[in-house]
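A.B. asks: missing the sequence, but the structure's below:
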């Protein structure tokens with residue numbers, strides 16, 4: 001029996017410890033990779049519009065592009081036997097749904113942790129989705 005690919009999504013407000021926790025978690029996994037959303041945003045050399053900056057519609061477009069690219073990288077690493085740990089501010093249910101939607105058809109398990117300062121510890125499990133056996137759809141538990 002093959003192991004179901006799995007992705008971790010670590011979120012929280014800026015400064016909550018997402019990067020630290022993500023690095024530590026990835027280092028503890030047998031084959032872990034840390035995919036940091038802010039680093040992906042920095043790949044844009046000109047024309048970058050960060051979240052909260054103007055124009056707002058372009059900032060949103062670039063956030064969506066970032067999320068999509070995180071999920072594409074996660075899929076690629078999963079296909080090669082790695083467990084990705086994604087690190088990004090996921091501020092709304094709509095944004096979380098984007099991750100679930102992009103990973104759901106791939107039969108990839110998804111665990112999301114929300115860091116809440118001042119604890120700097122995964123305080124709330126938002127969602128843990130495992131693919132159903134022999135199907136491409138997932139269930140939430």
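C.D. replies: Looks like it came in fine. Owing to the predicted nature of the structure, the values given are computational and were not obtained by experimental measurement.
A.B. asks: From here on, just use CA atoms for contacts and neighbour counts.
C.D. replies: Noted.
A.B. asks: Show me what the longest helix seen in the chain is packed against.
C.D. replies: The single longest helix within the chain, with elements called by DSSP state H, is helix 56-79. Applying 3 or more Cα pairs under 8 Å, 6 or more residues apart in numbering; DSSP states H and E, we find helix 56-79 packed against strand 6-12, strand 32-36, helix 37-42, strand 83-87, helix 93-103.
A.B. asks: Give me the helices and strands touching the first one, please.
C.D. replies: Under the contact criterion of 3+ Cα pairs under 8 Å, 6+ apart, the helices and strands touching strand 6-12 comprise helix 18-28, helix 56-79, strand 83-87, strand 109-115.
A.B. asks: returning to what we had before: give me whichever of the helices and strands packed on helix 56-79 is most buried.
C.D. replies: The highest average neighbour count among the helices and strands packed on helix 56-79, using mean count of other Cα atoms under 10 Å, belongs to strand 83-87 at a mean of 27.
A.B. asks: Okay, angle between that strand and helix 18-28 too, please.
C.D. replies: Going by axes from the mean of the first three to the mean of the last three Cα atoms, to 10 degrees, strand 83-87 is angled at 170 degrees with respect to helix 18-28.
A.B. asks: Give me the angle between strand 83-87 and strand 109-115.
C.D. replies: Taking the same axes, to 10 degrees, one finds strand 83-87 and strand 109-115 inclined to each other by 30 degrees.
A.B. asks: quick check: angle from strand 83-87 to strand 32-36?
C.D. replies: 20 degrees.
A.B. asks: what's next to strand 83-87, contact-wise?
C.D. replies: With contacts defined as Cα atoms under 8 Å, 6 or more residues apart in numbering, strand 83-87 is touched by 5-11, 18-19, 22, 25-26, 29, 31-37, 70, 74, 77-78.
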